[in-house]
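Visitor: Got a predicted structure here, sequence first:
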Amino acid sequence: MSEKKQRIPTSVKIIAAILTPLLITAASIFIYATEIQKADQIYPHVKIAGIDVSGMTRSEAIQSLGLPAYEERSANANVTFTFPNDSELFIEGDDVTLHHNAYELVSHAHSIGRGRGLLPDFISFLQRRDADVISYDIIYTLDENKLKAIVTEFTSNYNDELNSSEPVIYEDRIVYTKGVGHVNADIPEVYELANNGLFKSLESGNPVEINYSLPEVTGFGSEILDIRDSIFVQTQTSTYDRETNAATQCAVGIDFDPVEAAWLVRDTESGKTVTIPLVFTDPDYTQEHLDSLLFRDLIAKRTTYAQGTENRLTNIRLSTEAINGLVLLPGEEFSFNEVVGERSTERVYKSAPVLSNGEFVIGTGGGICQTSSTIYAAIKPSALLVTEQMRHGRPVAYLPWGWDATVAWGVIDFRFVNNTDYPIRIDVELDGRNVTAEVWGTIKDDFPRVADWNDA
């Protein structure tokens with residue numbers, strides 16, 4: 001007997017008819033969601049730096065953005081500071097870890113709508129298809145601490161060098177740094193300029209050069225005067241020194257024009273060096289030159305023969321010894337009485353014949369008139385200026401009439417002035433019975449040179 005067919009209930013058929021499409025749809029969705037997730041692509045409507053990276057994998061997005069070019073630009077970004085002393089601060093992007101966030105943006109873009117599970121991620125994907133575009137800009141950043149450290153070290157060293165700068169004195173000039181002790185490079189300002197410069201270089205793709213300037217200073221006049229005081233040397237011409245019987249040391253004057261220096265400093269940028277030229281003033285006479293001139297020329301000379309007693313010769317010798325080697329500076333006057341002094345027995349002068357009122361009498365110091373007369377006879381033909389002279393009342397045996405000069409203590413003197421431009425020296429001595437008087441000095445222009453006037 002054949003089995004009877006089992007009939008499927010109508011309700012089951014209805015349910016099956018409803019569920020089957022749903023299951024097929026669910027399966028399709030699951031397969032599609034799985035494929036989307038496996039595809040590892042960025043969801044729709046996402047842009048980075050203006051480039052639509054929707055549907056791209058991370059590697060495709062990185063390649064599309066051209067990130068190697070961004071990296072090259074950040075590595076090449078640099079800024080150079082030139083400070084007033086011409087020292088340079090060079091900063092590269094790598095020094096301060098200058099980098100972009102593009103890789104982070106790609107990773108973030110890839111993570112949009114992901115990570116909550118297969119179905120929620122699929123729903124997010126579907127929602128992104130009709131959502132607004134999400135845009136990201138690539139941003140560069142740097143390590144501020146590294147930049148601050150670089151700027152602080154360099155700028156601090158520069159300020160230390162500036163503050164310790166002293167005027168340098170060379171042979172012909174002074175080099176002075178304007179603003180020492182008054183101005184410094186500002187570290188925050190240098191940092192800000194460096195930061196902006198690096199990003200400007202990054203944007204343009206070219207190096208950035210900055211000439212850093214210090215604040216301008218005023219009131220530097222006292223500093224100029226202080227520098228002048230430190231180098232000033234008064235010109236000193238060599239002169240004759242009676243104690244050493246030689247020329248004194250000389251000094252070349254050293255100075256500079258403070259007004260000119262002030263203009264130079266005013267027109268110079270703070271922190272830069274100013275070159276102040278030195279002015280040298282030579283002395284009228286150097287020590288060597290004056291030594292070569294002193295008592296170089298014989299201006300006057302005369303020799304007379306001394307007659308008479310030993311007492312007379314003694315008096316002549318005492319008077320010549322008092323005068324011998326006497327130096328007269330220009331403008332000084334020679335006085336026989338002042339130099340020889342009073343002729344007295346206390347000063348060892350002897351009694352000898354003295355011509356008084358045309359007659360010979362015995363007196364203390366007799367014979368000394370031959371000393372004064374010999375000196376007078378020596379200088380008479382010269383241009384030396386005789387200021388007081390009186391001849392004897394009658395001719396003397398040792399000189400022509402009128403070539404003699406009588407003297408008497410407190411009454412009659414013999415005087416003359418050194419009217420030359422140089423010191424003169426009177427050399428007078430008794431050698432045996434010869435009394436010789438010489439005047440040595442320096443002859444210039446038309447001053448007469450006298451070798452020997454004994455034949456006058």
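Guide: Looks like it came in fine.
Visitor: Who is the residue nearest the centre of the chain paired with across the strands?
Guide: With the centre of the chain defined as its mean C-alpha position, the nearest residue by Cα atoms, centre = their mean is residue 175, 2.1 Å away. Residue 175 has these beta-bridge partners by DSSP bridges: residue 168, residue 275.
Visitor: you'd agree it is up against residue 168?
Guide: Yes: here residue 175 lies in contact with residue 168, judged by Cβ atoms under 8 Å, at a distance of 4.6 Å. Heads up, the C-betas are built off the backbone N, CA and C, glycines and all.
Visitor: so where do the strands sit in the stretch 51-200 of the chain?
Guide: Ranges of strands in the stretch 51-200 of the chain, per DSSP state E, counting those that start in this stretch, are 51-52, 78-82, 88-92, 99-100, 134-136, 140-141, 168-169, 173-177.
Visitor: Which secondary structure state is assigned to residue 202?
Guide: helix (DSSP: H, G, I helix; E, B strand; the rest coil).
Visitor: and it, how far is that from residue 208?
Guide: 9 Å (Cβ to Cβ, to the nearest Å).
Visitor: before we move on, what about residue 401?
Guide: 104 Å.
Visitor: what about those two, which has more around it?
Guide: Between residue 401 and residue 208, residue 208 has the larger neighbour count (other Cβ atoms under 10 Å), namely 21 against 10.
Visitor: Could you check how far that one is from residue 414?
Guide: 93 Å.
Visitor: Does residue 150 touch residue 96 like I think?
Guide: Yes: contact criterion Cβ under 8 Å: residue 150 and residue 96 qualify, at 7.1 Å.
Visitor: between the two, who's got more neighbours?
Guide: residue 96 (23 against 18).
Visitor: From residue 154, how far out is the residue nearest to the centre of the chain?
Guide: Taken as Cβ to Cβ, the span from residue 175 to residue 154 is 23 Å.
Visitor: Please name the residues that touch residue 285.
Guide: By Cβ atoms under 8 Å, 6 or more residues apart in numbering, the contact list for residue 285 reads 237-239, 247, 250, 293.
Visitor: From residue 331, how far out is it?
Guide: The value you get for residue 285 to residue 331, if Cβ to Cβ is used, is 17 Å.
Visitor: quick one: pLDDT of residue 289?
Guide: According to the prediction, residue 289 has pLDDT 92.
Visitor: pretty sure it contacts residue 238?
Guide: Yes: in this structure, residue 289 is within contact of residue 238 by Cβ under 8 Å, at 7.3 Å.
Visitor: what about these two, which has more around it?
Guide: When residue 289 and residue 238 are compared on other Cβ under 10 Å, the one with more neighbours turns out to be residue 238, at 22 against 15.
Visitor: Show me how this protein divides into domains.
Guide: 10-77+96-142, 145-211, 221-283, 295-441 (automatic domain parsing).
Visitor: which stretch among those domains comes nearest residue 83?
Guide: Judged by Cβ to Cβ, the one of the domains of the chain that comes nearest to residue 83 is domain 145-211, at 5.7 Å.
Visitor: Can you check the distance spanned by the closest one, start to finish?
Guide: 23 Å (Cα to Cα, to the nearest Å).
Visitor: residues in contact with the residue lying closest to residue 81 once chain neighbours are set aside?
Guide: Spatial nearest neighbour of residue 81, chain neighbours left out: residue 89 (4.0 Å); criterion: Cβ to Cβ, 6 or more residues apart in numbering. By Cβ under 8 Å, 6+ apart, the contact list for residue 89 reads 80-81, 83, 150-151, 154-155, 190, 194.
Visitor: Against residue 194, how distant is residue 89?
Guide: Distance from residue 89 to residue 194, by Cβ to Cβ: 8 Å.
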